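**Student:** Structure here, sequence nowhere to be found:
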């Protein structure tokens, strides 16, 4: 995607209604718009979490005076599940208990908390337990496609599951180097996100630089797309999206058609 188009979409995407509106207005797939919205919301959450936690007293007071978790989520433009966590932990509930409650709201002895937590998690597509489960399934679908693709070429490789995760390893290390676009790669990383420059640089500093130093050149698959500019940012990393794996099998359809 070119940078001007991305900036326009990023600016206009703030909620699910914007996804529907832009999809119809610009004839852009929901599968492209939704990952960009998720990227923006996750960044806003990281940016505002500390300040919101410092205002836990105000949040708790409003909740005690009748505002629901979902209403406060909409007022502060913050994920409902995290609003639940901040308020209930401020009220004295342990983090462990809050996690259990989010997984099963019926664990609460309070009918108000049960109904409001149910409402909150039903409206949270980013941080609820159901959202985390879906994200795990999407990530696994992406890795399954790469696994199947490598096996179809009879290549030997090691998956992250078989490696020492404490050392920080890519999803796939190739025992024999693979030529892609005329370049030899030794590892592959799967990311079910849309990547702009900020996101790509975050992964470079967090993971990719270590892979380059320890293993060699590699390939990153940003399943949901990426900015065209990234292709010229790091010559030692090949970047692909879902279109690199046409008709692999049902896994690609599963990956792109999951209900985000």
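**Tutor:** Now that the structure is in, tell me what you want to look at. Worth saying up front: this structure is predicted, and the values here are computed from it rather than measured.
**Student:** Burial check on residue 13, number of neighbours?
**Tutor:** Per other Cβ atoms under 10 Å, the neighbour tally for residue 13 reads 21. For glycine as for every other residue, the C-beta is placed from the backbone atoms N, C-alpha and C.
**Student:** just to confirm, which helix or strand has the nearest residue to it once chain neighbours are set aside in it?
**Tutor:** Excluding the flanking residues, the one nearest residue 13 by Cβ to Cβ, 6 or more residues apart in numbering is residue 37, at 4.4 Å. Per DSSP states H and E: residue 37 is located in helix 30-54.
**Student:** Which SSE is immediately downstream of that helix?
**Tutor:** Beyond helix 30-54 on the C-terminal side, the first helix or strand identified by DSSP H and E is helix 56-64.
**Student:** List the buried residues in that following helix.
**Tutor:** 59-60, 62-63 (16 or more other Cβ atoms under 10 Å).
**Student:** try stretch 127-137
**Tutor:** Buried residues in stretch 127-137, counted by 16+ other Cβ under 10 Å: 127-128, 131, 135.
**Student:** Stretch 233-246 now?
**Tutor:** For stretch 233-246, a neighbour-count test (16+ other Cβ under 10 Å) marks 234, 237-242, 244-245 as buried.
**Student:** before we move on, back to that, now for the residue nearest to residue 13: which residues touch it?
**Tutor:** 13-16, 18-19 (Cβ atoms under 8 Å, 6 or more residues apart in numbering).
**Student:** where's it relative to residue 18, distance?
**Tutor:** 7 Å (Cβ to Cβ, to the nearest Å).
**Student:** Now do the contacts for the residue lying farthest from the centre of the chain.
**Tutor:** Distance from the C-alpha centroid of the chain, by Cα atoms, centre = their mean, peaks at residue 65 (34.3 Å). By Cβ under 8 Å, 6+ apart, the contact set of residue 65 is empty.
**Student:** and what of residue 22?
**Tutor:** Neighbours of residue 22 in contact, by Cβ under 8 Å, 6+ apart: 9, 12-13, 28, 33.
**Student:** Could you rerun that using 10 Å?
**Tutor:** Residue 22 makes contacts with 8-9, 12-13, 28, 30, 32-33, 36-37, as judged by Cβ atoms under 10 Å, 6 or more residues apart in numbering.
**Student:** next one: residue 190
**Tutor:** By Cβ under 10 Å, 6+ apart, the neighbours of residue 190 are 139-147, 160, 170-172, 219-223.
**Student:** Which ones among the residues you listed lie within helices?
**Tutor:** Applying DSSP state H to the contacts of residue 190, the entries found in helices are 139-147.
**Student:** nearest spatial neighbour of residue 101, skipping sequence neighbours?
**Tutor:** residue 107 (5.3 Å).
**Student:** With pLDDT as extra columns, can I get the contacts of residue 37 in JSON lines?
**Tutor:** Formatted as JSON lines, the contacts of residue 37 follow (pLDDT from 0 to 100):
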{"residue": "13", "pLDDT": "95"}
{"residue": "14", "pLDDT": "93"}
{"residue": "15", "pLDDT": "91"}
{"residue": "16", "pLDDT": "90"}
{"residue": "18", "pLDDT": "94"}
{"residue": "19", "pLDDT": "93"}
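**Student:** Which member of those residues is positioned nearest residue 103?
**Tutor:** Relative to residue 103, the closest of the contacts of residue 37 is residue 16; by Cβ to Cβ it sits at 23.3 Å.
**Student:** these two touch, right, the closest one and residue 34?
**Tutor:** Yes: judged on Cβ atoms under 10 Å, residue 16 makes contact with residue 34 at a distance of 8.4 Å.
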